[in-house]
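>>> What follows is a predicted structure for the sequence shown.
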Amino acid sequence: MNNVKNTPTNNITRRSFISGAGASVLSFTIMKPSLVRGTQANSRIEVGCIGLGGRGKMIAGMLQQHGGYQITAVADYFELAAKAAGQQFKVPESRCFSGLSNYKKLLASKVDAVFLETPPYCFPDHTEAAVEAGCHVYIAKPLGCDVPGCLRIAKMGQKAAANKKVFLADFQTRTDPFYIEGIKRIQAGEIGNIAMLSSEYNDESFSDPPKTATIESRLQNLIWVNDDELGGSYLVNAGIHAVDVALWIAASPPVSAMGCSRIARNNPHGDSHDVFSVTYEFANGLILNHRGEHLRNRFEFRCDCFAQGQNGYLETGYTSRVRILGNKGGYRGGDVVNLYPRGAERNIDTFHKSILNGIYDNPTLEPSVNSTLATILGREAAKRKTKLTWDEVIRENKELKVNLTGLKT
């Protein structure tokens with residue numbers, strides 16, 4: 001789902017990273033978490049992987065390397081992708097599912113947890129089905145493409161916690177020790193009151209070929225990012241990384257957004273805008289300026305956020321560094337290295353430990369829903385070239401409908 005790349009300063013890129021899945025640790029036994037939670041360190045959790053594109057295969061490889069999981073079922077809309085993953089991760093062909101109903105078949109096969117790595121329009125349906133089936137849920141960002149989808153996931157995440165199930169949204173920045181410490185310090189007042197936030201997300205666009213009779217051709221190779229109803233838009237699917245950090249710093253969602261956006265990529269066929277300038281306002285008067293572009297123009301990848309305080313500033317960069325410079329003192333921080341794989345690895349490990357130890361506070365749910373809703377708010381305000389409030393967008397509850405006609409069930 002994710003689509004960020006690292007600069008040449010890092011030796012593993014987001015787009016090119018393919019997990020070097022090593023051999024499974026054979027000494028582990030497969031046991032139900034309910035039987036071993038907190039007692040057997042060598043238990044393996046049975047999981048199903050739904051969505052086996054580039055990131056889906058990467059996550060599956062990380063699960064295999066972790067040693068605390070056993071992949072017992074895989075699912076992808078495309079049959080060849082599902083079967084190839086089954087062969088790679090030693091899943092019987094009878095448990096490799098394809099078509100639109102692949103997730104239902106996977107859940108019916110009984111797994112303890114699911115990893116959701118499909119185009120985000122699928123997430124509300126897949127999450128609801130997984131929670132109703134009693135599974136723990138690990139989900140990529142964004143948590144949906146529209147307000148109704150996000151609200152459904154918020155409800156299902158709350159239900160998961162009530163049912164003593166783990167729900168984890170995979171934002172990498174929130175796992176990084178430098179980010180964690182830097183933001184903790186400024187929220188404690190190290191640079192005084194924060195006056196303004198600025199974030200940026202710059203990357204290339206994805207292939208956007210002519211549309212065909214059905215959307216099947218849009219469901220692979222990240223083509224779907226070009227379509228608002230499938231991927232949410234470039235702002236919702238990609239820019240969310242930078243906006244999420246800003247909201248983390250602000251410790252609250254915005255109350256309004258205004259801005260402009262446009263389609264500027266060559267030969268566009270999808271409706272997602274790829275150039276954004278959005279200004280958010282918060283209840284306390286704090287301002288966030290976000291800008292982003294997705295053009296194949298050789299401009300380097302950046303996913304940064306700055307907090308300007310009365311007595312200093314915080315700098316954060318997905319592929320650069322975190323530090324605080326203050327009028328008095330500061331925080332040296334450090335270089336952020338290979339955050340794309342390392343953040344996912346940390347989240348996968350946290351997910352495993354939370355399941356085994358019965359930790360169901362699910363702290364990633366609320367901020368991830370808010371970040372998705374904030375980028376939807378920004379997308380709508382920028383496309384309409386007007387000011388919209390958070391409450392207006394929630395009340396509007398606009399649904400982006402997906403035409404599934406002609407697809408294999």
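On my side now, so go ahead.
>>> pull the CA atoms of stretch 155-172 into PDB?
Output of stretch 155-172 as PDB, limited to C-alpha atoms (Å, rounded to 0.1, in the frame of the first residue of the first chain):
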ATOM      1  CA  LYS A 155     -16.000   1.300  14.900                       C
ATOM      2  CA  MET A 156     -14.500  -2.000  14.000                       C
ATOM      3  CA  GLY A 157     -11.200  -1.100  15.800                       C
ATOM      4  CA  GLN A 158     -13.200  -0.300  18.900                       C
ATOM      5  CA  LYS A 159     -15.000  -3.500  18.600                       C
ATOM      6  CA  ALA A 160     -11.800  -5.400  18.300                       C
ATOM      7  CA  ALA A 161     -10.500  -3.900  21.500                       C
ATOM      8  CA  ALA A 162     -13.800  -4.800  23.300                       C
ATOM      9  CA  ASN A 163     -13.400  -8.300  22.000                       C
ATOM     10  CA  LYS A 164      -9.800  -8.500  23.300                       C
ATOM     11  CA  LYS A 165      -8.300  -8.400  19.800                       C
ATOM     12  CA  VAL A 166      -5.300  -6.500  18.600                       C
ATOM     13  CA  PHE A 167      -5.700  -3.800  15.900                       C
ATOM     14  CA  LEU A 168      -2.500  -2.200  14.600                       C
ATOM     15  CA  ALA A 169      -2.100   0.400  11.800                       C
ATOM     16  CA  ASP A 170       1.300   0.300  10.200                       C
ATOM     17  CA  PHE A 171       2.800   3.900  10.300                       C
ATOM     18  CA  GLN A 172       6.600   3.600  10.400                       C
END
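>>> what's the spatially most central residue of the chain in contact with, if anything?
Nearest to the geometric centre of the chain sits Lys141, at 1.9 Å (CA atoms, centre = their mean). The contact partners of Lys141, by CB atoms under 8 Å, 6 or more residues apart in numbering, come to 1-2, 120, 169-171, 237, 240-241, 244, 368, 371-372. For the C-beta atoms, the positions are set from N, CA and C on the backbone; glycine is no exception.
>>> Give me the subset of those lying in helices.
Residues of those located in helices (DSSP state H): Ile240, His241, Asp244, Ser368, Ser371, Thr372.
>>> which among the residues you listed gets closest to Tyr179?
Taking CB to CB as the measure, Tyr179 lies nearest Asp244 of the ones in helices among the contacts of Lys141, at 10.7 Å.
>>> mind listing the helices for the stretch 201-350 of the chain?
228-231, 234, 240-250, 339-357 (DSSP state H, counting those that start in this stretch).
>>> re earlier: PyMOL command to pick out the buried ones of the contacts of Lys141?
For the buried members of these, the matching PyMOL selection, counting by 16 or more other CB atoms under 10 Å, is:
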select buried, resi 1+2+120+169+170+171+237+240+241+244+368+371+372
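>>> Okay, now the sheet partners of the biggest strand by length in the chain, with direction.
Longest strand in the chain, counting residues (DSSP state E): strand 194-203. Next to strand 194-203 in the sheet, as set by DSSP bridges, lie strand 287-294 (parallel), strand 302-309 (antiparallel).
>>> Let me have those strands in CSV, extended by mean pLDDT and distance to Ala195.
Output for those, formatted as CSV (pLDDT from 0 to 100; distance: least, CB to CB, whole Å):
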stretch, mean pLDDT, distance to Ala195
strand 287-294, 97, 8
strand 302-309, 97, 5
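>>> now for those strands, which one comes closest to Cys150?
So among the strands paired with strand 194-203, strand 287-294 is nearest, using CB to CB, at 18.5 Å.
>>> does Ala257 have beta-bridge partners, and which?
Here Ala257 sits in beta bridges with Tyr280, Leu388, going by DSSP bridges.
>>> For it, which residues are in contact?
By CB under 8 Å, 6+ apart, the contact set of Ala257 is Val278, Thr279, Tyr280, Glu281, Ala374, Leu377, Gly378, Ala381, Ala382, Lys387, Leu388.
>>> ok so, going back, check the contacts of Lys141 against Gly358 and report the nearest one.
Distance to Gly358 across the contacts of Lys141 (CB to CB) is lowest for Ala169, with 19.5 Å.
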